[in-house]
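*Asks:* need coordinates for the below:
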Amino acid sequence: MGVPMEQFVSICWERDSKMMAWMNGSAVIGLSLIVVLLCRHLASFSGAGPSLRRAQYTTIAWLPTVFALTATIPLFSPSSVMVSAFVQKIYEAYCLYTFGLIMFILLAHEAQEESARRLRCSAAVDVEAGMHEFESSEGLCVQDVVQALALQGPKKHFATPPLCCCCGPLMSPFDMSASHLQGLFWMLRQYVLCICLVGLASLYSSTAFSFDRFERITLILKYPMVLSSLICLYSLFVLYMSTRGLLKSWNTTKKFASIKIILIIMMYQDWILERFSKGIFSHLDSCFKHVGYTHYDWQYLEAKRWGCWLVVLEMLPMALMIKAAFTADDLEVTIQETHQDILRIALHEHKTGSPSGNDSMDSTGSSD
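*Replies:* Prediction:
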């Protein structure tokens, strides 16, 4: 956007020092509070032993801080707003994927527990023999996961928002299969891949083409990015609705809401600010008029400035919600964890009928 940080800060401080001091100062204070909450949250994990879930909880705990930091920087240098938005999208995609992996780990654990309960309750198998058989198994049988889901009864698993919430009357109840689980796994993973590819394409076009063509390419690239985001969110809803009964004790509703509520609010507020930026800011005597931006209207960048400030404030409640949802108490419960790569291979081999896939999901790499 062609204006260095020193020029922007100098002009805006000269023309509207009170506004800049108030807005940037409150954002820095908000960022500081979020960092304090992050430190307290991470410190609470210190009592738990090393585990895959601890690493995943840490990844999600960093989400408000990453967003607040990348939203504070454009308040001092609006030219960096596109880079900040890209970093936020990448980390959002990674956190949603991580949350999906947490749900898969908990599902595998609950399937083990359900299998153990069936062994204990079986009249044909002695209780001690059944427990010995379960504990000596090398891993989790994929079929146990499928059976645990089947015990919840047939459901219209895919009649969920945001894509198919109105398609319930057209669907029939069915039991989730290993193929469905494998599909959900890849629907989660594709968002991270798509965001990285879109970012690389955008970066290349910014250096290879004129600004007008770059802007058109960026507009086109938004469509696959939005579609990929919807597919990822849809897979999370399907996984959540399908496992809600099994994972109720793990507060998955609270966890999902703590991540997504603020992100949804951000999506709508960005759309409102961008769409109505000229009507909202044109009559103001903003310092953005005098900075000298050439590629974008100054009203658009002023809207982005307010959007970034709002994001910093919104990260405070998100940090509190994530701290309350992803607790150290969860990590103190020792469970058998299945690494995502083991899970992916096991689901694929079970689908293709490979003997190793039908036998077990080895979780010896769970502490990677």
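*Asks:* from now on I want contacts and neighbour counts done on CA atoms only, so please keep to that.
*Replies:* OK.
*Asks:* which residues does stretch 245-261 contact?
*Replies:* Residues outside stretch 245-261 that contact it (C-alpha atoms under 8 Å, 6 or more residues apart in numbering): 99, 103, 106-107, 110, 149, 152, 240, 244, 318, 321-322, 325-326, 330.
*Asks:* so which strand or helix has Ala319?
*Replies:* helix 298-325 (DSSP states H and E).
*Asks:* could you pull out the buried residues of that helix?
*Replies:* For helix 298-325, the neighbour count (16 or more other C-alpha atoms under 10 Å) marks 298-305, 307-316, 318-323, 325 as buried.
*Asks:* what does stretch 325-333 give?
*Replies:* For stretch 325-333, a neighbour-count test (16+ other C-alpha under 10 Å) marks Ala325, Phe326, Thr327, Ala328, Asp330, Leu331 as buried.
*Asks:* distance to Leu284 and pLDDT added to the residues you listed, as JSON lines?
*Replies:* JSON lines is the format used below for the buried residues of stretch 325-333 (distance: C-alpha to C-alpha, whole Å; pLDDT from 0 to 100):
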{"residue": "Ala325", "distance to Leu284": "42", "pLDDT": "95"}
{"residue": "Phe326", "distance to Leu284": "43", "pLDDT": "95"}
{"residue": "Thr327", "distance to Leu284": "45", "pLDDT": "93"}
{"residue": "Ala328", "distance to Leu284": "48", "pLDDT": "92"}
{"residue": "Asp330", "distance to Leu284": "50", "pLDDT": "92"}
{"residue": "Leu331", "distance to Leu284": "51", "pLDDT": "92"}
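*Asks:* which residues sit in contact with the residue nearest the centre of the chain?
*Replies:* Residue closest to the average C-alpha location in the chain (C-alpha atoms, centre = their mean): Leu96, at 2.1 Å. Each residue near Leu96 by C-alpha under 8 Å, 6+ apart is listed here: Leu188, Cys232, Leu233.
*Asks:* repeat that with 10 Å
*Replies:* 60, 102, 188-189, 191-192, 229, 232-233, 236, 256, 259-260 (C-alpha atoms under 10 Å, 6 or more residues apart in numbering).
*Asks:* just those residues: which are in helices?
*Replies:* When these are checked against helices (DSSP state H), the matches are 60, 102, 188-189, 191-192, 229, 232-233, 236, 256, 259-260.
*Asks:* show me where the stretch 1-150 of the chain has strands.
*Replies:* 139-140 (DSSP state E, counting those that start in this stretch).
*Asks:* just give the nearest non-adjacent residue to Gln336, would you?
*Replies:* His109 (6.3 Å; C-alpha to C-alpha, 6 or more residues apart in numbering).
*Asks:* whoops, Met23 was the one
*Replies:* Nearest to Met23 is Trp309, by C-alpha to C-alpha, 6+ apart, at 7.1 Å.
*Asks:* state the distance from that neighbour to Ile195.
*Replies:* 24 Å (C-alpha to C-alpha, to the nearest Å).
*Asks:* next one: Phe211
*Replies:* In terms of C-alpha to C-alpha, Phe211 sits 21 Å off from Ile195.
*Asks:* comparing these two, which shows the higher neighbour count?
*Replies:* Ile195 (26 against 14; other C-alpha atoms under 10 Å).
*Asks:* so where do the helices sit in the stretch 101-250 of the chain?
*Replies:* With DSSP state H, counting those that start in this stretch as the criterion, the stretch 101-250 of the chain has helices at 127-135, 142-150, 178-208, 211-243.
*Asks:* how about those, which one is nearest Cys12?
*Replies:* helix 211-243 (25.5 Å; C-alpha to C-alpha).
*Asks:* pLDDT of that closest one, averaged?
*Replies:* Mean pLDDT, helix 211-243: 90.
*Asks:* same question, stretch 73-89
*Replies:* Predicted confidence along stretch 73-89 averages 89 (mean pLDDT).
*Asks:* repeat that for stretch 333-341.
*Replies:* Stretch 333-341 shows a mean pLDDT of 80.
*Asks:* start and end of it, how far apart?
*Replies:* For stretch 333-341, the first-to-last residue distance is 23 Å (C-alpha to C-alpha).
*Asks:* identify the residues contacting the spatially closest residue to Leu69 that is not a sequence neighbour.
*Replies:* Excluding its sequence neighbours, the residue lying closest to Leu69 (C-alpha to C-alpha, 6+ apart) is Leu31, at 6.7 Å. Taking C-alpha under 10 Å, 6+ apart, we find Leu31 in contact with 25, 37, 64-69, 71-72, 312-313, 315-316.
*Asks:* equivalent analysis for Lys222, please.
*Replies:* Ile195, Val198, Ser228.
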